[in-house]
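In: predicted structure and sequence below. I'll ask about it afterward.
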Amino acid sequence: MKDYFAGDDRTNRERMLAGDLYIADDPDNARLAQLATRLQAEYARRTVEDPDTARPVLEELLGELGEDAYLKPPIYVDYGTHVRVGPRTFANFGLVLLDVAPITIGADCQIGPNVQLLTPTHPIDPEPRRDKLEAAEPITLGDNVWLGGGVIVCPGVTIGDNTVVGAGAVVTKDLPADVVAVGNPARVVKQL
């Protein structure tokens with residue numbers, strides 16, 4: 001098999017953070033993912049048992065949590081530290097944030113249940129797949145974006161300000177500001 005890392009002294013975590021191919025089962029990544037799993041569970045537990053103490057756990061889990069932002073548990077992240085959530089943003093149950101690359105969610109966004117923001121990518125060539133290689137591309141949601149229930153946003157996508165994405169849409173390409181998009185793949189159906 002080809003050595004994809006010949007002459008590259010970086011760790012798999014360093015490659016991941018640079019958006020380059022990396023091996024996903026890196027021990028540093030596993031340790032940080034385990035910490036995120038514990039914090040996700042603690043956030044969900046505290047939201048039920050002692051809501052006043054839940055937000056600090058979410059703040060510890062995420063890279064940034066804006067004022068008055070609220071994510072209903074359960075939420076699911078790879079690491080959490082690569083997620084930035086703007087002020088007054090609301091996300092309903094079951095938000096999945098695979099944050100191998102940065103995920104930026106703007107201010108005043110509304111996110112329906114079971115939405116997935118997915119940054120990991122995988123090689124298409126069969127040989128690298130045998131090496132369990134991955135890469136990642138960031139996702140950015142502008143301000144005042146609305147995502148309906150079950151929306152999937154694919155790696156590398158940017159959604160412009162004031163855009164509405166209908167329930168169940170799969171967003172594979174950037175969407176401009178001030179539009180309504182629906183379908184699989186998502187397509188613009190209306191200017192706002």
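Out: Yep, that arrived.
In: mind listing what's buried in the top helix by length along the chain?
Out: With secondary structure taken from DSSP state H, the chain has its longest helix at helix 27-49. For helix 27-49, burial by neighbour count (16 or more other CB atoms under 10 Å) applies to 29, 32, 36, 39-40, 42-44, 46-47. Backbone N, C-alpha and C define where each C-beta goes, glycine included.
In: wait, doesn't residue 77 sit right on residue 35?
Out: No: at 10.6 Å, residue 77 does not count as touching residue 35 under the criterion of CB atoms under 8 Å.
In: need the contact list for the closest residue in space to residue 172 that isn't next to it in sequence.
Out: Spatial nearest neighbour of residue 172, chain neighbours left out: residue 185 (4.4 Å); criterion: CB to CB, 6 or more residues apart in numbering. Shown in contact with residue 185 (CB atoms under 8 Å, 6 or more residues apart in numbering): 170-173.
In: how many other residues sit next to residue 84?
Out: Neighbours of residue 84 under the rule other CB atoms under 10 Å: 17.
In: look up the closest residue to it, ignoring the ones flanking it.
Out: Leaving aside its chain neighbours, residue 84 sits nearest to residue 64 (4.2 Å; criterion: CB to CB, 6+ apart).
In: can you tell me how far that neighbour sits from residue 186?
Out: Using CB to CB, to the nearest Å, we find residue 64 at a distance of 26 Å from residue 186.
In: higher neighbour count, those two?
Out: Ranked by neighbour count (other CB under 10 Å), residue 64 and residue 186 place residue 186 first, with 25 against 13.
In: moving C-terminal of the helix-or-strand element of the chain with minimal mean pLDDT, what's the next helix or strand?
Out: Ranking every helix and strand in the chain by mean pLDDT, DSSP states H and E puts helix 126-130 at the bottom, with a mean of 62. Next along the chain after helix 126-130, taking DSSP states H and E as the criterion, comes strand 133-136.
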